[in-house]
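> give me the fold of what follows.
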Amino acid sequence: AAAGSDQSEGLHSSLEQQQQQQQAAMQQWEELLQRTAHLDSRAEVPAAFTCPLTMEVFREPVITPSGCSFERSALLEHLSKVGKFDPISRQPMAESDIIANIGLRNATQQYLDEHPWAWGEVV
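Model (predicted):
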């Protein structure tokens, strides 16, 4: 009978250890989630990922000869309606001077992937 009691106590002790390990693991997960929660909280999209003309998140950024980046459609509209010059530097330019800013497009896409709430800002 004593052997059965020892087995029962050993089993009980093992269960308690497992519960403590599970509680410790849960505590670690909670701490991790708290530390990373700010990554998924709403904030303003960094200006580097928004067009200075539209203030909207880039979808198709382009770069001008002066090094300024704009949303393609906004820059094309500026060139056709306002004048053939860079909206920030005021340097003369034509539609043929526009180059796709692939690096900025990729960086913006990565930001959106890492901050899903920001998709709501994409018009």
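
> and the lengthiest helix in the chain, what's its mean pLDDT?
Looking across the chain with DSSP state H, the single longest helix is helix 2-36. What helix 2-36 shows for mean pLDDT is 80.

> parallel or antiparallel, which strands does the helix or strand that comes right after that helix pair with?
Following helix 2-36 in sequence order, the next helix or strand is strand 61-63 (DSSP states H and E). When pairs are called by DSSP bridges, strand 61-63 turns out to pair with strand 69-71 (antiparallel), strand 99-100 (antiparallel).

> centre of the chain to the helix or strand following the first one, how far?
Looking back up the chat, that one is strand 69-71. Counting by DSSP H and E, the next helix or strand C-terminal to strand 69-71 is helix 72-81. Here the centre of helix 72-81 is set off from its chain's centre by 27 Å, with CA atoms, centre = their mean, to the nearest Å.

> also stretch 103-114?
7 Å.

> only the buried residues of it, if you could.
Leu104, Arg105, Ala107, Thr108, Tyr111, Leu112 (16 or more other CB atoms under 10 Å). C-betas here are computed from N, CA, C, even on glycine.

> tell me the mean pLDDT over it?
For stretch 103-114, the mean pLDDT works out to 94.

> can I get that stretch in PDB, CA atoms only?
Taking Å, rounded to 0.1, in the frame of the first residue of the first chain, the C-alpha atoms of stretch 103-114 are listed here in PDB:
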ATOM      1  CA  GLY A 103      13.500  50.800 -53.300                       C
ATOM      2  CA  LEU A 104      10.900  53.100 -51.700                       C
ATOM      3  CA  ARG A 105       8.000  51.000 -53.000                       C
ATOM      4  CA  ASN A 106       9.600  47.900 -51.400                       C
ATOM      5  CA  ALA A 107      10.300  49.700 -48.100                       C
ATOM      6  CA  THR A 108       6.700  50.900 -48.100                       C
ATOM      7  CA  GLN A 109       5.400  47.400 -48.800                       C
ATOM      8  CA  GLN A 110       7.500  46.000 -46.000                       C
ATOM      9  CA  TYR A 111       6.200  48.700 -43.600                       C
ATOM     10  CA  LEU A 112       2.600  47.800 -44.600                       C
ATOM     11  CA  ASP A 113       3.300  44.100 -44.100                       C
ATOM     12  CA  GLU A 114       4.700  44.700 -40.600                       C
END
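
> no further queries at this time; thank you.
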